[in-house]
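S.K.: the following comprises the amino acid sequence and a computationally predicted model.
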Amino acid sequence: MIPYGKQLINQDDIDSVIEVLTSDYLTQGPKVPAFEQAVCEYTGAQYAVAVNSATSALHIACLALGVEKGDYVWTSPITFVASANCALYCGAMIDFVDVDVATGNMCPNMLRTKLEEAKLQGRLPKVLIPVHLCGHSCDMAAIAALSNEYGFKVIEDASHGIGGSYLGNKLGGCHYSDISIFSFHPVKIITSAEGGVATTNSASLASKMALYRSHGVTKNPQIMHRPDEGDWYYEQHELGFNYRMSDLHAALGLSQLNQLDQFVTERNRLSKIYDKQCNDLPLTSVNPLSDSISARHLYMIRLHNVKLRRSIFDMMRSKGIQVHVHYFPVHLQPYYLRLGFKEGDYVNAESFYQQILTLPLYPALVDIDQQKVISELSSCLD
């Protein structure tokens, strides 16, 4: 089977993990802060908080920004459910902003219209979570301008995006947001097996996220109520969680980070081959903004004849090619239907979903396998 995505692990990665296994620390050791520092140096962000998943990172980002019961959080309906669930974990109300049907990313024009209506109704969001689908950056300058105008905070869900850039700045540098989130799941750009990170340029937000990451517990004498109890002493200041990243995971992430640019370059090379050789087929590639460089987590196409998608999907799978569909609109998931969302609420997202198909893309995809994908896809569309 040719998978839609796959990690690439080399001997340096293996050696890095073995080094930790034979060290004094398997968790809460030196590798986690080293990984955080390396992420900061790569993205340009001032602070990074490593956790056990991007879902955890989204949760503590919302908590750090004060999301609570009675607040509204808006995100994209074309994403994995975690982008929305993180608001519900905090007791907030979730809503969605429709997408640009050409990109699947949050549409700034739709956002402005929704904000104008929400202001009249007294229902403006506290936090907006735009999602960089496929690793393609949203139009963050337009979103940041609306953030300044309407007073909401921004969390970039860049789970697909590490290694990409927008207007000359690396994603994760928080040039247009308060916090950015990366995922290191095995099918993502780089992996720590499981893991995520939240980056920010705010010392206060970084401190809050670090607190929420580890049970709400601190040993910082500057904020303790009883600073002279002794070195054994700690205090719980918030209701936190066990979201810590282990040194084992951080060691793998740190090693993988050394290969990040190489991975992104190869993903873009393979994407250009798809672009060129699929150009005459009845489909349209989902491509990044012209003023950005995508990390190319996914290679997504929009089929011109949506009625063919199921048959194409089944035929490609029968040929050993793991095409996929990313994503079923969140607002149509059964859980969200019970919250009151319904079909027709976000027509662009629903239309986009009906058209899309994800083709295999990962750094270890060899030319002969990519040519098989293109050949079989061409046969299905004949």
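M.R.: It's in. Numbering: from 1, shown residues only.
S.K.: run through the helices of the stretch 151-300 of the chain in chain order.
M.R.: Listed in chain order, the helices of the stretch 151-300 of the chain (DSSP state H, counting those that start in this stretch) span residues 203-213, 247-257, 260-277.
S.K.: how far off centre is the second one?
M.R.: Looking back up the chat, that one is helix 247-257. For helix 247-257, the distance from its own C-alpha centre to the chain's C-alpha centre is 18 Å (C-alpha atoms, centre = their mean, to the nearest Å).
S.K.: show me what the closest residue to residue 159 other than its chain neighbours is bridged to.
M.R.: Once its chain neighbours are removed from consideration, residue 159 has its nearest residue in residue 183; the separation is 3.7 Å (C-beta to C-beta, 6 or more residues apart in numbering). Placement of C-beta: from N, CA and C, glycine included. Partner residues in beta bridges with residue 183: residue 196, with DSSP bridges as the criterion.
S.K.: what are the contacting residues of stretch 269-281?
M.R.: Contact with stretch 269-281 is made by 285, 287, 294, 296, 299, 301, 359, 361, 365, 370, 374, 377-378, 381, as judged by C-beta atoms under 8 Å, 6 or more residues apart in numbering.
S.K.: now, of those residues, which are buried?
M.R.: Neighbour counting with 16 or more other C-beta atoms under 10 Å marks 294, 296, 299, 301, 359, 361, 365, 370, 374, 377 as buried within the contacts of stretch 269-281.
S.K.: re earlier: out of the contacts of stretch 269-281, the closest to residue 98 would be?
M.R.: Using C-beta to C-beta, the shortest approach to residue 98 within the contacts of stretch 269-281 belongs to residue 287, at 19.6 Å.
S.K.: can you tell me which residues contact residue 63?
M.R.: For residue 63, the residues meeting the contact criterion (C-beta under 8 Å, 6+ apart) are 90, 208-209, 212.
S.K.: neighbour-wise, which one of those residues leads?
M.R.: Comparing those by number of neighbours (other C-beta atoms under 10 Å), residue 209 comes first, having 29 neighbours.
S.K.: so what's that residue up against?
M.R.: For residue 209, the set of contacting residues under the criterion of C-beta under 8 Å, 6+ apart consists of 49, 57, 60-61, 63-64, 179, 198, 200.
S.K.: want to try a markdown table for those, with distance to residue 22 as columns?
M.R.: Converted to a markdown table, the contacts of residue 209 look like this (distance: C-beta to C-beta, whole Å):
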| residue | distance to residue 22 |
| --- | --- |
| 49 | 27 |
| 57 | 29 |
| 60 | 31 |
| 61 | 34 |
| 63 | 36 |
| 64 | 35 |
| 179 | 35 |
| 198 | 30 |
| 200 | 34 |
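S.K.: still on that earlier bit, correct me, but the residue nearest to residue 159 touches residue 160?
M.R.: Yes: with contacts defined as C-beta atoms under 8 Å, residue 183 counts as touching residue 160 at a distance of 7.4 Å.
S.K.: most tightly surrounded among the helices of the stretch 151-300 of the chain?
M.R.: Of those, the one with the most neighbours on average (mean count of other C-beta atoms under 10 Å) is helix 247-257, at a mean of 25.
S.K.: where are the low-confidence patches of the stretch 151-300 of the chain?
M.R.: Applying pLDDT under 70 to the predicted model, the stretch 151-300 of the chain contains no residue that meets it.
S.K.: rewinding a little: now the contacts of residue 63 as TSV including distance to residue 280?
M.R.: Conversion of the contacts of residue 63 to TSV gives the following (distance: C-beta to C-beta, whole Å):
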residue	distance to residue 280
90	48
208	52
209	48
212	51
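S.K.: distance of residue 248 from residue 128?
M.R.: From residue 248 over to residue 128 the distance is 34 Å, taken as C-beta to C-beta, to the nearest Å.
S.K.: any idea which residue is closest to the centre of the chain?
M.R.: Among the residues of the chain, residue 159 comes closest to the average C-alpha position under C-alpha atoms, centre = their mean, at 1.6 Å.
S.K.: residues touching it, list them.
M.R.: Residue 159 makes contact with 54, 80, 131-132, 181-183, 188, 196, according to C-beta under 8 Å, 6+ apart.
S.K.: buried set for stretch 35-51?
M.R.: Buried positions in stretch 35-51, judged by neighbour count with 16+ other C-beta under 10 Å: 35-36, 38-40, 42-43, 45, 47-51.
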